[in-house]
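Engineer: Need a 3D model of the sequence below.
(2 chains)
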Amino acid sequence: MSATHNLLRLTLARPTGGLEVDLSLPSQGITVVLGPSGSGKTTLLRCVAGLERSHSATVRVAGILWQDDATGVFLAPWQRPVGYVFQEASLFPHLDVRGNLDYARKRAKVAKAAPAHDDVVHLLGIEGLLQRSARTLSGGERQRVAIARALATQPELLLLDEPLAALDPARRQDILPWLERLRDELRIPMLYVTHAADEVARLADTLVVLEQGQVRACGPVAEVLSRIHSPVVLGDDAGVLLPGTLDQRDAQWRLIRVAFAGGHLWLRDIGLPLGHTARLRVLARDVSIATEVPQHTSIQNILPCTVAAIAPDTHASQVLVQLACGESTLLSRITARSAHALGLVPGATVWAQVKSVALVE
Amino acid sequence: MPLSADDLQTIWLTLQLASVTTVTLLLLATPLAWWLANTASRWRAPVSAVVALPLVLPPTVLGFYLLVVLSPQGPLGQLTHTLGLGSLAFTFGGLLLGSIIYSLPFAVQPLQNAFEAIGKRPMEVAATLRATPLDAFFTVALPLAKPGFVTAAVMTFAHTLGEFGVVLMIGGNIPGSTRVVSTQIYGHVEAQEYAQAHWLAGCMLVFSFCVLVGLARLNRAPDRSAA
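Structural biologist: Here you go, the predicted structure:
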């Protein structure tokens, strides 16, 4: 196991069912752990931080063993270079914002060129809040301060436990750009726990799907999302992520074209410059299938594809169809009756009609 | 001068006793309350019960056992004799020991409640910010439990002022050594010195009232401003 990967191997008996995880995760970017509540996501983070003691575990981060029960290695939480952002606001109420940040900064072992204090404050846009009492902050501000405070410890690994779950939708949209900024500007790997599909689409580089304490899938986010055999977790939000580049603008109809490996899609022009790279999110429920070139249709985006596989969906009336579109993969959710009527089988040539596409960054 | 030199001496002794009791008890009760608030040990319930015993036992029972323990034949008495301290019964030291035991629940329970109200989360947060448990205790738990400490200190102090039975049993009402305000009032009443009793009793009443009002103000203020 090299230092470019962090190793998490945990087994833990819990009253709600055990947790068994054996993961080797890239030591950069955001790894999102996705799963329904009760799947063991939070327990996983707590074990990595040392807040909860698993029965037999090996945790190695940045080449350093944090825990190896086979050899009796166990670093206490305060000895592990983690930053932990809890789900709810966890700022110390007896300190102001600056006091909260200083609490972490004073105890950080400054050894390497990590982001300086001012950088962290600037990175999260909390310059104006430093004198405020933790009690007077809004939910979004509190989480930004909590993230800054976790970063002020100069962690080797940042753990985030549903940091947006306690916020209303508008506040979530306020914070997501700050998290993207952290991902792009810091070299700290993050382990990010959530059950929200939009956070996966925007933030994840690597996706781990956890269900009932077991890892159902793990890999690069686009690849995991295009699988059809574990759609349960995402349910309605099953769909693929396509990395692409803005390559053409239709000024008359206010549309922009995004090229991806396998074709291109037209979508609403929101003013991004040509050449901009973006992630496209195409939900399975927005993709329909035709066996002949559709004509006289309002759908603008029609892509020639080959059926790669067909799998049962969450409800018996539906199937998920995996479509190969050049080098990319699309998912389509259609009724089982349609699949039968169209005679869809793997290898069949079809046209995918994409009703809606979202640009996620 | 409505208060005699004797009365003033008992007031001075009472304040000394209450102060030393309060300081000693806070030092003892803090780790005990922390343990009670956080332990999952099967000893939690019995220890809790022992701490609460002085609340329900008649002071005479407590005083009686203390006398037995402190007497030259008792275990503690033998120890103090070996150490050359003589018997603690009917001394200020014995009185102090009795006060500490008698007021124990008044110190432990507010502290325990305060620590329990903090919960585990702030301590976990501190741990992820590289604070050792001791560091986190002093920098997070103690500041957050401040209202509990104020309550514990005031309740202990006020309760020590008001104790009577234990004092009489173990102190013996010796002027200048173990005679406190409450026993002095008793003495005045016995001697039918009602005027003297009135003055001392009145002082106690006013003082206790002021302490309780002050406590209520202190503990309300931070909550209101937070809301």
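Engineer: In chain A, where is pLDDT below threshold?
Structural biologist: Filtered on pLDDT under 70, chain A yields the residue ranges A:1-3, A:13-17, A:110-117, A:230-233.
Engineer: Can you tell me which residues in it are near chain B?
Structural biologist: A:49-51, A:76-78, A:82-84, A:86, A:90, A:92-94, A:103-104, A:107-109, A:135, A:149-150, A:153 (Cβ under 8 Å from any Cβ of the partner chain). Every C-beta, even on glycine, is put in place using the N, C-alpha and C of the backbone.
Engineer: from those residues, which would you call buried?
Structural biologist: By neighbour count, with 16 or more other Cβ atoms under 10 Å in any protein chain shown, the residues of chain A next to chain B hold A:49-51, A:77-78, A:82-84, A:86, A:90, A:92-94, A:103-104, A:107-108, A:149-150, A:153 as buried.
Engineer: Which of those residues fall in strands?
Structural biologist: Secondary structure defined by DSSP state E assigns A:82-84 of these to strands.
Engineer: The helix or strand of chain B with the lowest mean pLDDT: how far from the chain's middle?
Structural biologist: Ranked by mean pLDDT, DSSP states H and E, the weakest helix or strand in chain B is helix B:194-226, scoring a mean of 80. Chain-centre distance of helix B:194-226: 17 Å, with Cα atoms, centre = their mean, to the nearest Å.
Engineer: Show me what counts as buried in that helix.
Structural biologist: Buried residues in helix B:194-226 (16+ other Cβ under 10 Å): B:196-197, B:199-201, B:203-204, B:215, B:219.
Engineer: What of stretch B:161-169?
Structural biologist: B:161, B:163, B:165-169.
Engineer: Who does residue A:301 form a beta bridge with?
Structural biologist: Beta-bridge partners for residue A:301, by DSSP bridges, are residue A:354.
Engineer: ah, wrong one, I meant residue A:57
Structural biologist: Counting by DSSP bridges, residue A:57 is bridged to residue A:10.
Engineer: For it, list the residues it contacts.
Structural biologist: A:9-12, A:47, A:67-69 (Cβ atoms under 8 Å, 6 or more residues apart in numbering or on different chains).
Engineer: If we ignore the residues flanking it in sequence, what's nearest residue A:41?
Structural biologist: In this structure, residue A:41 finds its nearest non-sequential neighbour in residue A:193, 4.3 Å apart by Cβ to Cβ, 6 or more residues apart in numbering or on different chains.
Engineer: Make sure the one you found is indeed in a helix.
Structural biologist: No: going by DSSP: H, G, I helix; E, B strand; the rest coil, the assignment for residue A:193 is strand, not a helix.
Engineer: Point out where chain B drops to low pLDDT.
Structural biologist: When residues are selected by pLDDT under 70, those of chain B lie in B:1, B:221-227.
Engineer: With just CA atoms, put stretch B:95-105 into PDB.
Structural biologist: The C-alpha coordinates for stretch B:95-105 follow below in PDB (Å, rounded to 0.1, in the frame of the first residue of the first chain):
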ATOM      1  CA  LEU B  95     -16.600  20.300  62.200                       C
ATOM      2  CA  LEU B  96     -15.100  21.000  58.800                       C
ATOM      3  CA  LEU B  97     -15.100  17.300  58.000                       C
ATOM      4  CA  GLY B  98     -18.800  17.100  59.000                       C
ATOM      5  CA  SER B  99     -19.700  20.100  56.900                       C
ATOM      6  CA  ILE B 100     -18.000  18.800  53.900                       C
ATOM      7  CA  ILE B 101     -19.800  15.500  54.100                       C
ATOM      8  CA  TYR B 102     -23.100  17.100  54.900                       C
ATOM      9  CA  SER B 103     -22.900  19.600  52.000                       C
ATOM     10  CA  LEU B 104     -21.500  17.100  49.500                       C
ATOM     11  CA  PRO B 105     -24.700  16.700  47.500                       C
END
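Engineer: That one: how far from the chain's middle?
Structural biologist: Chain-centre distance of stretch B:95-105: 6 Å, with Cα atoms, centre = their mean.
Engineer: Residues contacting it, please?
Structural biologist: Around stretch B:95-105, the neighbours that count as contacts under Cβ under 8 Å, 6+ apart are B:17-18, B:20-21, B:24-25, B:28-29, B:51-55, B:59, B:62-63, B:66, B:70, B:88, B:155-156, B:159-160, B:163, B:166-167, B:169-171, B:178, B:180.
Engineer: out of those, which touch chain A?
Structural biologist: Within those, nothing lies near chain A by Cβ under 8 Å from any Cβ.
Engineer: What are the phi and psi values at residue A:217?
Structural biologist: Dihedral angles of residue A:217 (phi, psi; degrees, to the nearest 10) stand at phi -160, psi 150.
Engineer: Can you tell me the closest non-neighbouring residue to it?
Structural biologist: Once flanking residues are discounted, residue A:217 sits nearest to residue A:209: 4.2 Å by Cβ to Cβ, 6+ apart.
Engineer: Could you give the separation of the helix or strand that contains the one you found from the chain centroid?
Structural biologist: Taking DSSP states H and E as the definition, one finds residue A:209 inside strand A:206-211. In terms of Cα atoms, centre = their mean, the centre of strand A:206-211 is set 9 Å apart from its chain centre.
Engineer: what lines up beside it in the sheet?
Structural biologist: strand A:30-34 (parallel), strand A:214-220 (antiparallel).
Engineer: can you list the residues of chain B near chain A?
Structural biologist: Going by Cβ under 8 Å from any Cβ, the residues of chain B near chain A are B:121-122, B:124-133, B:135-136, B:139-140, B:143-144, B:146, B:226.
Engineer: The residues you listed in strands, which ones?
Structural biologist: Using DSSP E, none of the residues of chain B next to chain A sit in strands.
Engineer: Any idea what residue A:6 is bridged to?
Structural biologist: Counting by DSSP bridges, residue A:6 is bridged to residue A:25.
Engineer: didn't it look like it was pressed against residue A:65?
Structural biologist: No: with contact defined as Cβ atoms under 8 Å, residue A:6 does not reach residue A:65; the gap is 11.2 Å.
Engineer: The two: who's more crowded?
Structural biologist: Taking other Cβ atoms under 10 Å in any protein chain shown, residue A:6 and residue A:65 do not tie; residue A:6 has more neighbours (25 against 14).
Engineer: And the contacts of residue A:57, which is closest to chain B?
Structural biologist: Distance to chain B across the contacts of residue A:57 (Cβ to the nearest Cβ) is lowest for residue A:47, with 13.0 Å.
Engineer: What's the end-to-end length of stretch A:314-321?
Structural biologist: 13 Å (Cα to Cα, to the nearest Å).
Engineer: hang on, the earlier thing: out of the ones in strands among the buried ones among the residues of chain A next to chain B, who's nearest residue A:39?
Structural biologist: residue A:84 (19.2 Å; Cβ to Cβ).
Engineer: My understanding was that that closest one contacts residue A:153; is that so?
Structural biologist: No: counting by Cβ under 8 Å, residue A:84 stays clear of residue A:153, with 9.1 Å between them.
Engineer: Mutual contacts of those two, please.
Structural biologist: Here residue A:84 and residue A:153 have residue B:128 as joint contacts, going by Cβ under 8 Å, 6+ apart.
Engineer: for residue A:253, helix, strand, or coil?
Structural biologist: Secondary structure of residue A:253, per three-state DSSP, is coil.
Engineer: For it, give me phi and psi.
Structural biologist: According to degrees, to the nearest 10, residue A:253 has phi -100, psi 10.
Engineer: try residue A:197
Structural biologist: Per-residue torsions, residue A:197: phi -70, psi -30 (degrees, to the nearest 10).
Engineer: so it makes contact with residue A:234?
Structural biologist: Yes: taking Cβ under 8 Å as the definition, residue A:197 is a contact partner of residue A:234 at 5.5 Å.
Engineer: list the residues that contact both of these two?
Structural biologist: Shared contacts of residue A:197 and residue A:234, defined by Cβ under 8 Å, 6+ apart, are found at residue A:34.
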